[in-house]
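Asker: Predicted model and sequence follow; I will ask about them next.
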Amino acid sequence: MPFFNNDGIKIYYEVEGEGPPVIMIHAWAANLEGNWKQANWVEVLKDNYKVILLDCRGHGKSDKPLDPAQYGAHMTDDIVKLLDHLSIEKANFFGYSMGSRLTYELLLSKQELFISAILGGFILRFPSDEQSSEAQKRLNDMMEALQAKDIDEIKNPAARRVRRIISAYKDFDLQNLDALAAVLKGGLLRQRNSTQTKAQMKETLKKINVPVLTVLGSDDFPGDKTLVAQLVPNACHFQIQGRDHINVVPDPKFHMIVRAFLDYVNSTS
């Protein structure tokens, strides 16, 4: 099985197809098999693109350190090192949920690596202090839920529901709940260390010069789903009616939108 080593952490990846490279970055608590292969994405793209899939650290067949300090910026560094390992200078990046967050962070810091960016299941927010505090509490509840010995002990209903969903995954044997909690904490620590103001972030987004696509289900996140498309000059947004964060992933309309976007971008680049 193909692995590469990033400073002692083994990262599992697969490559299928030929053509312009598309690196696909899965959601939190998922992996390349469940997020992409079972949802038919590889079949949709591999005839025209080199599809590069990885299991992010803490997930799937990759190593799962339990120290939150091993996540955060290390997760985007894994993606950069994978491109270097495969001798790829530029790629199309396709993330979903957590994968979109990682893609977004790379887009802000290493735009030179991008042919295009696709952000699925992702919404850009500029939260107030109160909203940030509420989001932090939800994350803390989730971390506690992951580390609870018995699902029935979890008091927060939303956290208990997510824990049940994860436990029902076909490949639950590949999961490590303590590692998933460390992923969340590492991401939270990285957000706290960010020094950019809301105004600075908006100005950075306005300077992005690669094509960006955002796609969400209509029943996914509340709030303005179009903010990335409003701020990034060469961006567009699509919404898939009647779909939520989970059931939008295998939707043929999502396949069609992404394929059309990639075909256009890579025929003109």
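Answerer: Sure thing, it's come through. Residues are numbered from 1 along each chain as shown.

Asker: Only C-alpha atoms from now on, for both contacts and neighbour counts.
Answerer: Will do.

Asker: would you list every one of the helices in this protein?
Answerer: 32, 41-45, 73-85, 98-109, 129-147, 157-167, 177-192, 198-206, 227-231, 252-268 (DSSP state H).

Asker: isn't Y13 right up against L54?
Answerer: Yes. Counting by C-alpha atoms under 8 Å, L54 is a contact partner of Y13 at 4.1 Å.

Asker: Look at these two and report which has more neighbours.
Answerer: Legend: neighbour count by other C-alpha atoms under 10 Å for Y13 and L54, higher for L54 (26 against 18).

Asker: How much space separates that one from A168?
Answerer: Noted for L54: a distance of 22 Å to A168, by C-alpha to C-alpha, to the nearest Å.

Asker: same deal with E18?
Answerer: On the measure of C-alpha to C-alpha, E18 and A168 end up 34 Å apart.

Asker: got it, and V22?
Answerer: 29 Å.

Asker: Those two: which has the busier surroundings?
Answerer: The neighbour comparison of V22 against A168 (other C-alpha under 10 Å) goes to V22, with 25 against 10.

Asker: quick one: pLDDT of K198?
Answerer: K198 is assigned a predicted lDDT (pLDDT) of 82.

Asker: next one: the one 4 residues further on
Answerer: What the model reports as pLDDT for K202 is 90.

Asker: In contact with the closest residue in space to it that isn't next to it in sequence, which residues?
Answerer: Once flanking residues are discounted, K202 sits nearest to L231: 6.9 Å by C-alpha to C-alpha, 6 or more residues apart in numbering. Contacts for L231 were tallied using C-alpha atoms under 8 Å, 6 or more residues apart in numbering; they are K202, L205, K206.

Asker: Closest to A135 out of the residues you listed?
Answerer: K202 (21.1 Å; C-alpha to C-alpha).

Asker: so how many other residues sit close to the closest one?
Answerer: Using other C-alpha under 10 Å: K202 sits among 16 other residues.

Asker: can you check the one 10 residues further on too?
Answerer: By the criterion of other C-alpha under 10 Å, V212 has 27 neighbours.

Asker: which ones are touching it?
Answerer: S116, A117, I118, L119, A229, V232, N234, A235, C236.

Asker: cool, Y49 as well?
Answerer: Here Y49 is in contact with G17, E18, G19, P20, P21, V22 (C-alpha under 8 Å, 6+ apart).

Asker: Kindly reformat those residues as a markdown table containing pLDDT and distance to N31.
Answerer: Below are those laid out as a markdown table (pLDDT from 0 to 100; distance: C-alpha to C-alpha, whole Å):
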| residue | pLDDT | distance to N31 |
| --- | --- | --- |
| G17 | 97 | 19 |
| E18 | 96 | 22 |
| G19 | 97 | 23 |
| P20 | 98 | 22 |
| P21 | 98 | 19 |
| V22 | 98 | 16 |
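
Asker: Of the residues you listed, grab the buried ones for PyMOL.
Answerer: The following PyMOL line selects those of those that are buried, judged by 16 or more other C-alpha atoms under 10 Å:
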select buried, resi 17+20+21+22
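
Asker: Among the contacts of Y49, which lie within strands?
Answerer: P21, V22 (DSSP state E).
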